[in-house]
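# Please work out how this folds:
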Amino acid sequence: MNTSTLLLGVLFSSIGFGYFLYGKKQKRTVPFACGLILIIFPYFIDQMALLLIIGSVISIVPYFVRW
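Numbering: from 1, shown residues only. The predicted structure follows:
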């Protein structure tokens, strides 16, 4: 693990924490689930490019899926 993957993990976990809190307060499933996924997935992915792609896709899902 290098510095860039560590910082990307912190960034996506922070975004995930925000989605998690929003989904919990508003009782919305999609932001809540995306938040949990964004908090957990950086622990399992070591490649920086894959981390960036997956994190970016999951981060924009709540904007397009209103559920």
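
# buried residues in the longest helix anywhere in the chain?
In the chain, taking DSSP state H as the definition, the longest helix is helix 3-26. Neighbour-count burial for helix 3-26 flags T5, L8, G9, L11, F12, S13, I15, G16, Y19, F20, G23 (criterion: 16 or more other CB atoms under 10 Å). Just so you know, the C-beta spots here come from the backbone N, C-alpha and C atoms, and that holds for glycine as well.

# need the contact list for the fourth one.
The contact partners of L11, taken as CB atoms under 8 Å, 6 or more residues apart in numbering, are G55.

# what does G16 give?
C34, G35, L36, I37, L38, I39, I40.

# need these in JSON lines with secondary structure, pLDDT and distance to R28, can you?
Shown next, in JSON lines, are those (DSSP: H, G, I helix; E, B strand; the rest coil; pLDDT from 0 to 100; distance: CB to CB, whole Å):
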{"residue": "C34", "secondary structure": "helix", "pLDDT": "97", "distance to R28": "10"}
{"residue": "G35", "secondary structure": "helix", "pLDDT": "97", "distance to R28": "10"}
{"residue": "L36", "secondary structure": "helix", "pLDDT": "97", "distance to R28": "13"}
{"residue": "I37", "secondary structure": "helix", "pLDDT": "97", "distance to R28": "14"}
{"residue": "L38", "secondary structure": "helix", "pLDDT": "97", "distance to R28": "15"}
{"residue": "I39", "secondary structure": "helix", "pLDDT": "97", "distance to R28": "16"}
{"residue": "I40", "secondary structure": "helix", "pLDDT": "96", "distance to R28": "19"}
